[in-house]
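K.L.:
sequence? don't have it. structure:
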């Protein structure tokens, strides 16, 4: 795997950023925007994905990074679950649900691959150099 010097270069972070922007887009309109509790929760969970990737990376240790990637992966599931509620309530259509859910699944798979790589790596992280 190529060396990553900035969290902005991590594919999972880029995907998470896409998710957050789409969540903000769809939760800003119509009835969805009026469900303040769900809007707040789904936005916070989507931002949590990219934030945990960034925070874990910046800690410069692979064990800590793995822990934060695990939290980010969990937040992928949380957002998907909340999108089911948004879909069930008629706040988003099936196409929008499938689009965002697909990006979340891709994000989760990407994070899983990075986690697998880190677990198998002999490298401990930048702070141990």
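P.N.:
Nice, thanks for sending it over. Small disclaimer: the values here were computed from a predicted structure and weren't measured.

K.L.:
low-confidence stretches in this protein?
P.N.:
The model of the chain has pLDDT under 70 over residues 1-2, 125-129.

K.L.:
and the strands in this structure?
P.N.:
For the chain, no strands turn up when DSSP state E is the criterion.

K.L.:
find the centremost residue of it, please.
P.N.:
residue 49 (3.1 Å; C-alpha atoms, centre = their mean).

K.L.:
and the residue nearest to it when sequence neighbours are not counted, what does it touch?
P.N.:
Using C-beta to C-beta, 6 or more residues apart in numbering and skipping residues adjacent in sequence, the residue nearest residue 49 is residue 16, 4.0 Å away. (C-beta placed from N, C-alpha, C; glycine too.) Residue 16 makes contact with 46, 49-50, 53, 72, 107, according to C-beta atoms under 8 Å, 6 or more residues apart in numbering.

K.L.:
what ranges does this structure have for its helices?
P.N.:
Using DSSP state H, the helices of the chain run over 11-26, 30-34, 36-58, 62-88, 94-120.

K.L.:
residue 5 is nearest to which of those?
P.N.:
Evaluated with C-beta to C-beta, the helices of the chain place helix 36-58 nearest to residue 5, the distance being 9.9 Å.

K.L.:
who touches the closest one?
P.N.:
4, 7, 10, 12-13, 16-17, 19-20, 23-24, 27, 32-33, 64-69, 71-72, 75-76, 78-79, 82-83, 85-86, 89, 91, 107, 111.

K.L.:
buried set for it?
P.N.:
Buried residues in helix 36-58, counted by 16 or more other C-beta atoms under 10 Å: 38-39, 41-43, 45-57.

K.L.:
do stretch 80-94 as well
P.N.:
So, applying 16+ other C-beta under 10 Å, buried residues of stretch 80-94: 80, 82-83, 86-87, 91-92.

K.L.:
of all those, which two lie farthest apart?
P.N.:
That would be 80 and 91, which, of those, are the farthest apart (C-beta to C-beta) at 14.7 Å.

K.L.:
ok, back up a step: now the residue nearest to the centre of the chain: how far from residue 57?
P.N.:
Separation of residue 49 from residue 57 (C-beta to C-beta, to the nearest Å) stands at 13 Å.

K.L.:
ok, residue 70 next?
P.N.:
13 Å.

K.L.:
perfect, I'm done here.
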